[in-house]
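Chemist: Let's see this in three dimensions:
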Amino acid sequence: MKIEEFTLERIQSLYENVVEFNLSDSGVHPYRLSELLSEKQCKELLDIELGYGWTNGHTELRQTIADLYQNRTIDNVMVTNGSAEANFIMVMSLLNPGDELIVVVPNYMQIAGWAKGLGIKVKEVPLIQENGWLPDLDRLEEVINDNTKMLTICHPNNPTGSTLPVAQIERLVNFAKKHDIYLHADEVYKGAEFDGVELPSFADLYDKAIVTCGLSKAMAMPGLRLGWLVGPTEEIYATWQSKDYTSITTGAVSEFVANIVLQPEFRQKVLQRSKDLLIDNLNIMQSWVDENSDWVSFVPPKAGGMAFIKYELEINSTELVHEFRNELSVFLLPGDVYGMDGYFRVGIGAPAEHLKIGLKRIADYVRGKYI
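Modeler: Numbering: from 1, shown residues only. A predicted model of the protein is given here:
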C-alpha cells in the first residue's frame, strides 16, 4: 500500500516550531492546565493511576460526549487520540477497495489521502469562492454512482472558515438519505461560530451520519490529543475493532480533563473565550486585508481559527510561504497543500500581538520586493 505524502502536516511539522511567529495553525491559542483545573482537580489529577483505560473510552466520558448530541448513548461514541485517529479508523472501518468517496474541497485532506491509499476512489466537489465558499450542491448528483459509499465535509470548513446555511445542511442530509450513503462531517470547529449561534450537528439530523470532533480546535486544547466519533451503533463498534489495532486506548490524564471541560457550562465558557479571541483577531485580519487590497483579498470566515487569503503575486504559494519563513521568520500555510495555488492560510487564533507583527512584516516585505 502506498500512501501519498500528507503535505499539510509535513510542512507544519517541519517548520511551525522553528519560526518566531507561527501563523500556520488553524486552532485557538491553547490553554494551560492551570487555567482549566481547580486546586482540588489538580490534586485529583496527580492521583490518577496511569494504567490502561477503556479501549473505546471511559464510560463516564462517553456519556458526557453522548449528551452533547440528541438521542445518543455511550454505544454511539468512540473516544480517540485526537480527531486524526477518529478520521483514520473511520475510513479503515467503513470503506473498502472499490468504494467511492465524495469529498467537498478544500478540506483537511487526511481522509482523502488515507482513502486513496486503501484503493478507494475519491471524487471532489468544490467550494466556490464567488459563492462565499459554498458548494454547488447540484454537482453531487453528477458524481454519485452505485459505488459511492460516503460523502465527507469539513463543517465549519478548513481552510476557508465558511459555514453552510441551514437550507444547504438540509439539502446535504436529504441527498445522503436519498442515496442511502454515509454522511461524514468533521466538526472540530463547531462551537466557534462568530455570530454566536452554534450550528446543528449532522449527527442530530441523519441516522447514517458520522461526525468527528475533539478538543484541538474550537476547544483550544490540542495537546490533550482527545477526539471522538459519534455515529450509528454498528459502525461505531466497527471502529472499536479497528482501534484495537492502532492506539488501543486514550490517555487517562486526557480523559480526566476532557470529562471536566465537556460539561455543558464549562464547554460554553471555553467556546466563548475562543470566539472572543477569534473575533478580535478577525478584525485585525480584515483591517490588514483592507490596507493591502491591491494584492490580497478574502471571504471573511464565519467560524474557526483561520482566514484563507487570495494573493495577486507572480509566485507559487509554497515558494512564497518559504520566502516569508526564511526572510521574516513568519510561517503561513500555502494554498498548495489544499491543491489551491494563489492562496495562503493565516491562523487567526494566534495571540493578537503575534498576528499584528507577523502581518506587518509580510506587508512591508511584499511592498518592498513585489509592489
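
Chemist: So this protein: which segments form each domain?
Modeler: The chain breaks down into these domains under the TED database: 7-32+267-366, 51-263.

Chemist: OK, contacts around Trp228?
Modeler: The neighbours of Trp228, taking C-beta atoms under 8 Å, 6 or more residues apart in numbering as the test, are Gly57, Ile65, Val77, Met78, Val79, Thr80, Ser83, Ala86, Thr212, Cys213, Gly214. C-beta here means a position set from N, CA and C on the backbone, and glycine is covered the same way.

Chemist: From those, which land in strands?
Modeler: Val77, Met78, Val79, Thr80, Thr212, Cys213, Gly214 (DSSP state E).

Chemist: these two touch, right, the last one and Asn87?
Modeler: No: the pair Gly214 and Asn87 does not pass the contact test of C-beta atoms under 8 Å, sitting 10.0 Å apart.

Chemist: out of the two, which sits in the busier spot?
Modeler: Ranked by neighbour count (other C-beta atoms under 10 Å), Gly214 and Asn87 place Gly214 first, with 27 against 23.

Chemist: Give me the pLDDT value at the more buried one.
Modeler: Note on Gly214: pLDDT of 98.

Chemist: That one and Leu36: what is the separation?
Modeler: For Gly214, the distance to Leu36 equals 16 Å [C-beta to C-beta, to the nearest Å].

Chemist: before we move on, what about Tyr52?
Modeler: Distance, Tyr52 to Leu36, using C-beta to C-beta: 24 Å.

Chemist: Could you do Gly51 as well?
Modeler: Relative to Leu36, and taking C-beta to C-beta, Gly51 is found at 23 Å.

Chemist: which SSE is the most centrally placed residue in the chain in?
Modeler: For the chain, the residue nearest the mean C-alpha position is Val188 (4.7 Å; C-alpha atoms, centre = their mean). Remark: Val188 resides in no helix or strand, with elements defined by DSSP states H and E.

Chemist: when you give positions from now on, start the count at 54
Modeler: Noted, 54 is the first residue going forward, which turns the last one into Val241.

Chemist: Could you pull up the residues touching it?
Modeler: Contacts for Val241 (C-beta under 8 Å, 6+ apart) come out as Ser136, Asn211, Thr265, Cys266, Gly267, Ser269, Lys270, Ala271, Gly280.

Chemist: Now compare the residues you listed and name the two farthest from each other.
Modeler: Spatial extent of the contacts of Val241 (C-beta to C-beta) is set by the pair Asn211 and Gly280 at 14.6 Å.

Chemist: Compare Tyr105 and Leu89 (neighbour count), which wins?
Modeler: Neighbour totals were compared for Tyr105 and Leu89, and Leu89 leads with 18 against 9 (other C-beta under 10 Å).

Chemist: Let me know the pLDDT of that one.
Modeler: If you check Leu89, the pLDDT there is 97.

Chemist: what stretches of the chain score poorly on pLDDT?
Modeler: Scanning the chain for pLDDT under 70 picks out nothing.

Chemist: export the contacts of Trp281 to a markdown table and tack on distance to Asp100?
Modeler: Below are these laid out as a markdown table (distance: C-beta to C-beta, whole Å):
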| residue | distance to Asp100 |
| --- | --- |
| Gly110 | 21 |
| Ile118 | 24 |
| Val130 | 26 |
| Met131 | 27 |
| Val132 | 21 |
| Thr133 | 25 |
| Ser136 | 29 |
| Ala139 | 29 |
| Thr265 | 32 |
| Cys266 | 29 |
| Gly267 | 26 |
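
Chemist: So which of these wins on neighbours?
Modeler: Met131 (30 neighbours).

Chemist: my guess is that residue meets Gln294, correct?
Modeler: No: counting by C-beta under 8 Å, Gln294 is not a contact partner of Met131; they are 10.4 Å apart.

Chemist: Counting neighbours, what do you get for Glu406?
Modeler: When neighbours are counted by other C-beta under 10 Å, Glu406 registers 10.

Chemist: Quick check: it is in a helix.
Modeler: Yes: the assignment for Glu406 is a helix, going by DSSP: H, G, I helix; E, B strand; the rest coil.
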